[in-house]
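**Student:** Provide a 3D model corresponding to the input given below.
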Amino acid sequence: MNLPHSLPPGFEVPLHRSLTEPILLGGAPRTVAIANGTLAAAVGLGLQLWVPGLVLWIAGHTLAVWGARMDPQFMPVFARHIKQRPLLDV
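**Tutor:** Residues are numbered from 1 along each chain as shown. Predicted coordinates for the structure are as follows:
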C-alpha cells in the first residue's frame, strides 16, 4: 500500500497568519479599542473633562487588553451572551 504524500493539484491552499489571528490595537480588539478611544475623546475633549477622560481610556483599554489575553474572541462571546435570554432563570 503506497500512499502519495502530496495532494492532487487544487486541493491544497496556503493558510496565512492574517486569516487566523485576531486584529488587535495595542493588545485590545480593534472595535473595542476604537469605541473606547472615541468615548474617552468625547469625555476629554467634548466635555473638557481631561482627567476623567484619561482615566476612562486607561481603565477601558486595560480591561480590553486583559479580556483579549484571556480569550481573543471575548467580544463576540459577550455579545452573544447579552442577546440570549436567561433559560433557567428562577
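
**Student:** As a check, name the ranges of all helices in the protein.
**Tutor:** 30-41, 50-70, 74-83 (DSSP state H).

**Student:** what angle do the first one and helix 74-83 make?
**Tutor:** Interaxial angle, helix 30-41 versus helix 74-83 (axes from the mean of the first three to the mean of the last three Cα atoms, to 10 degrees): 80 degrees.

**Student:** Only the buried residues of helix 30-41, if you could.
**Tutor:** Within helix 30-41, the residues scored as buried using 16 or more other Cβ atoms under 10 Å are 32, 33, 36, 37, 40. Quick note: C-beta positions are derived from backbone N, CA and C, even for glycine.

**Student:** I'd like to know which of those residues is nearest to residue 23.
**Tutor:** Sorting the buried residues of helix 30-41 by how near they are to residue 23, with Cβ to Cβ, puts residue 33 at the top with 9.7 Å.

**Student:** where are the low-confidence patches of this structure?
**Tutor:** Applying pLDDT under 70 to the predicted model, the residue ranges of the chain that meet it are 1-5, 89-90.

**Student:** centroid residue for it?
**Tutor:** In the chain, the centroid-proximal residue (Cα atoms, centre = their mean) is residue 29; its distance is 2.9 Å.

**Student:** Quick check: it touching residue 23?
**Tutor:** Yes - taking contact to mean Cβ atoms under 8 Å, the distance of 7.3 Å between residue 29 and residue 23 places them in contact.

**Student:** if we can go back for a sec, the helices of the chain: which one's closest to residue 18?
**Tutor:** If you check each of the helices of the chain against residue 18 by Cβ to Cβ, helix 30-41 wins as the nearest, at 13.0 Å.

**Student:** so what does that closest one touch, helix or strand wise?
**Tutor:** Helices and strands touching helix 30-41, by 3 or more Cβ pairs under 8 Å, 6 or more residues apart in numbering; DSSP states H and E, are strand 24-25, helix 50-70.

**Student:** Appreciated, that's everything.
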